[in-house]
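Visitor: my questions concern the predicted model and sequence given below.
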Amino acid sequence: MPEYKAPLRDIKFVMSELLNSEQHYASLGAEDATPDMIDAIIQEGAKFCEQVLSPLNQVGDREGCTWSEEGVKTPTGFREAYKQYVEGGWPSMTAAPEHGGQGLPESVGIVMSEMVGTANWSWGMYPGLSHGAMNTVELHGTDEQKETYLTKMISGEWTGTMCLTEAHCGSDLGILRSRAEPNADGSYSITGTKIFISAGEHDMADNIIHVVLARLPGAPEGTKGISLFIVPKFLPDAEGNAAEQNAVSCGSIEHKMGIHGNATCVMNFDGAKGWLIGPENKGLNCMFTFMNVARLGTAIQGLGSAELSFQGSLAYAKDRLAMRSLSGAKKPEAPADPIIVHPDVRRMLLTQKAVAEGARALIYYTAQQGDIVQRGKTEEERREADELMGFLTPIAKAFLTEIGHEASNLGMQVFGGHGFISEWGMEQVVRDARIGMIYEGTTGIQALDLLGRKVLMTQGESLKRFTRQVHVFCKENAENEQMKQFIEPLQAINREWGELTVKLGMSAMQNREEVGSASVDYLMYSGYAVFAYLWAKMAQVALNTMAEGTTEETFYNAKVQTARFYFTRILPRARGHAESMLAGADTLMDMPEEAFAF
Ligand SMILES: Cc1cc2nc3c(=O)[nH]c(=O)nc-3n(C[C@H](O)[C@H](O)[C@H](O)COP(=O)(O)OP(=O)(O)OC[C@H]3O[C@@H](n4cnc5c(N)ncnc54)[C@H](O)[C@@H]3O)c2cc1C
């Protein structure tokens, strides 16, 4: 298994040098988020991820979770690691101080989530889902609900889940069937079966708080008739401790392709006692809070799988000997050269590097928008950040999980035959990464959200907000000779992005199927365009730093070289997506169903 080493230098580069985090936190009045404090937190978090979580990654995959009538047992070491995580105060890091949290901005928490998720994704899903549940209760819960449930989740004593999916529906929650009948005491009886519930049952915490979607009697059909409920595994007693068992149980767990260390549960609610969160029939709106956090959290899986496979394959490529370099032996004293001398191996390594570092920039940038949504000084500032975050989230979620999975496949490929052998751990990274493109809204669903809801329904406003920013950056750097190689193609794709959107908008007015037929290509194109902006910015920071003089020439030069690699060898993929998105819906829709196979 690749041994995880937190990429602290790059984390610092993205936070401090690319995104000016010091200024960002100061402008938000986040007094505790000083550079020293953040540095100390990240160093401490890195140690925990490298020393405690990383060694459990392969154990989790091999052992998996086990189900019995008594409950679900997590793999060896998972429970103890969680205990240490709680003792370290990690669950409370970004939570509200009035409920026992440390009140740090979400973007600081994102760095810890990256390190946890890269070291051990399956383990990280337990606190990850809890985090989403906490955010939902904090934003939509009553004071009493916060006092009873939120404080315990923040302390880490209890964990949370997200119960949306049912056997017949995942993407289309409008047709869900779980019911909630009101009781005389103000509570509700929840009945229904939820499937694929991550961390639905486990042995790591004293209680599990399910956040459940269900329908009230007589609720309108579709998404407008769904409400949200808190359903604890154990009902709290008068002192707030987990006491009587509620009528909710885990019927079984799934056997699956990857993330074996995380329990994927069938959860049966048999008249379980629950309480309404937020207004009646507005459950899906409340759940959006949960989903945005969860989606950015899932985007981290793309970053994590690219980073972990890169770390593993880089070490291997420096060590493994095979054939001679085409331009003459580089290590004549050895029987063959290390494979890192071969252009194609470098292509694979540089793709992983460009994906991992680009993904880090995109996720941290989006997380900063999230900070502004929560803490921005003016209404205008908060609204703009919210729109930008809404635009970037489907791109981050779907594009990064797609290319993160590609990167993990390349990591395995660098190992040749050994990549296919379990012992090395590279095939685990591929298997674990695959789910990222499915849960929290498939790539297809994210793409519809981006093109349909976020772009066309706002008459392109959200896109323009972003492309204006890119345009300003291009203008500022137009005269910079060293930046020309990045600015010219960036300007071109930025302009074309708008033109393609107008064309799609026009054809969608004639035929609604055009949106669905173009959307995934549009999303991927958007991902490559956003990456182009971020890579150009990273190159600019590196060039400026080198011009001022630095002792870290190799680090900054590598940034510029990776940017060059990105612009010349990855960005051209956007061309194919542009052509494909304009190919028209008829190429997909003309074939009658009966003609698909004979
Ligand atoms: C390991 C694992 C963990 C999970 N964890 C959780 C969890 O914690 N909580 C939870 O509630 N759920 C969870 N899920 C469920 C997950 O979110 C859903 O499986 C996912 O959203 C897809 O829903 P579905 O399986 O019903 O597929 P479907 O909705 O049936 O989709 C099938 C295919 O059709 C496509 N499709 C559907 N509608 C459209 C459309 N209108 N346009 C274009 N394409 C469309 C989809 O993109 C997909 O390719 C988990 C799933 C797995 C496998």
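Guide: On my side now, so go ahead. Residues are numbered from 1 along each chain as shown.
Visitor: show me what residue of this structure gets nearest to the ligand.
Guide: residue 170 (2.1 Å; CB to the nearest ligand atom). Heads up, the C-betas are built off the backbone N, CA and C, glycines and all.
Visitor: quick one: that residue from residue 160, how far?
Guide: Per CB to CB, to the nearest Å, residue 170 is found 19 Å from residue 160.
Visitor: same thing with residue 181?
Guide: From residue 181 to residue 160 the distance is 23 Å (CB to CB).
Visitor: more neighbours: which of those two?
Guide: Each of residue 181 and residue 160 has its neighbours counted (other CB atoms under 10 Å); residue 160 has more, 30 against 13.
Visitor: specify the beta-bridge partners of the more buried one.
Guide: When bridges are called by DSSP bridges, residue 160 pairs up with residue 209.
Visitor: isn't it right up against residue 212?
Guide: No: using CB atoms under 8 Å, residue 160 is not in contact with residue 212, being 11.0 Å away.
Visitor: please name the nearest non-neighbouring residue to residue 461.
Guide: Closest residue in space to residue 461, ignoring its immediate chain neighbours: residue 387 at 7.5 Å, by CB to CB, 6 or more residues apart in numbering.
Visitor: so which residues make contact with the helix or strand hosting that neighbour?
Guide: Taking DSSP states H and E as the definition, residue 387 sits inside helix 379-394. Here helix 379-394 makes contact (CB atoms under 8 Å, 6 or more residues apart in numbering) with 292, 295-296, 299, 362, 365-366, 369-370, 372-373, 376, 441, 446-447, 449-450, 454-455, 458, 461-463, 465-466, 523, 530.
Visitor: what about the strands in the stretch 151-300 of the chain?
Guide: With DSSP state E, counting those that start in this stretch applied, the stretch 151-300 of the chain shows strands at 158-163, 179-182, 188-198, 207-214, 227-232, 234-236, 242-245, 248-253, 264-277, listed in chain order.
Visitor: with mean pLDDT and distance to residue 308 as added columns, please give the ones you listed in TSV.
Guide: Rendered in TSV, the data for these read as follows (pLDDT from 0 to 100; distance: least, CB to CB, whole Å):
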stretch	mean pLDDT	distance to residue 308
strand 158-163	96	24
strand 179-182	98	41
strand 188-198	98	20
strand 207-214	98	28
strand 227-232	97	35
strand 234-236	98	36
strand 242-245	97	35
strand 248-253	98	25
strand 264-277	98	21
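Visitor: could I get the ones you listed in JSON lines, plus columns for distance to the ligand?
Guide: Below are the strands of the stretch 151-300 of the chain laid out as JSON lines (distance: least, CB to the nearest ligand atom, whole Å):
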{"stretch": "strand 158-163", "distance to the ligand": "5"}
{"stretch": "strand 179-182", "distance to the ligand": "16"}
{"stretch": "strand 188-198", "distance to the ligand": "3"}
{"stretch": "strand 207-214", "distance to the ligand": "8"}
{"stretch": "strand 227-232", "distance to the ligand": "12"}
{"stretch": "strand 234-236", "distance to the ligand": "20"}
{"stretch": "strand 242-245", "distance to the ligand": "21"}
{"stretch": "strand 248-253", "distance to the ligand": "10"}
{"stretch": "strand 264-277", "distance to the ligand": "4"}
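Visitor: mind putting the ones you listed into a markdown table with distance to residue 288?
Guide: What follows is the strands of the stretch 151-300 of the chain, written out as a markdown table (distance: least, CB to CB, whole Å):
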| stretch | distance to residue 288 |
| --- | --- |
| strand 158-163 | 12 |
| strand 179-182 | 19 |
| strand 188-198 | 18 |
| strand 207-214 | 12 |
| strand 227-232 | 11 |
| strand 234-236 | 27 |
| strand 242-245 | 29 |
| strand 248-253 | 24 |
| strand 264-277 | 13 |
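Visitor: out of those strands, which comes closest to residue 71?
Guide: Evaluated with CB to CB, these place strand 248-253 nearest to residue 71, the distance being 7.0 Å.
Visitor: next, the buried residues of the closest one.
Guide: For strand 248-253, the neighbour count (16 or more other CB atoms under 10 Å) marks 248-250, 253 as buried.
Visitor: nearest to residue 262, of those?
Guide: When the buried residues of strand 248-253 are compared against residue 262 (criterion: CB to CB), the nearest one is residue 253, at 9.6 Å.
Visitor: all helices of the stretch 201-350 of the chain, in order?
Guide: With helices called from DSSP state H, counting those that start in this stretch, the stretch 201-350 of the chain shows them at 283-319, 343-375.
Visitor: what of the stretch 351-500 of the chain?
Guide: Counting by DSSP H, counting those that start in this stretch, the helices of the stretch 351-500 of the chain are 379-394, 400-414, 426-434, 443-448, 461-476, 484-510.
Visitor: would you mark the buried spots in the worst-scoring helix or strand of the chain on mean pLDDT?
Guide: Lowest on mean pLDDT, DSSP states H and E among the helices and strands of the chain sits helix 283-319, with a mean of 91. Under the neighbour-count criterion of 16+ other CB under 10 Å, helix 283-319 has 283-284, 286-287, 289-314, 316-317 buried.
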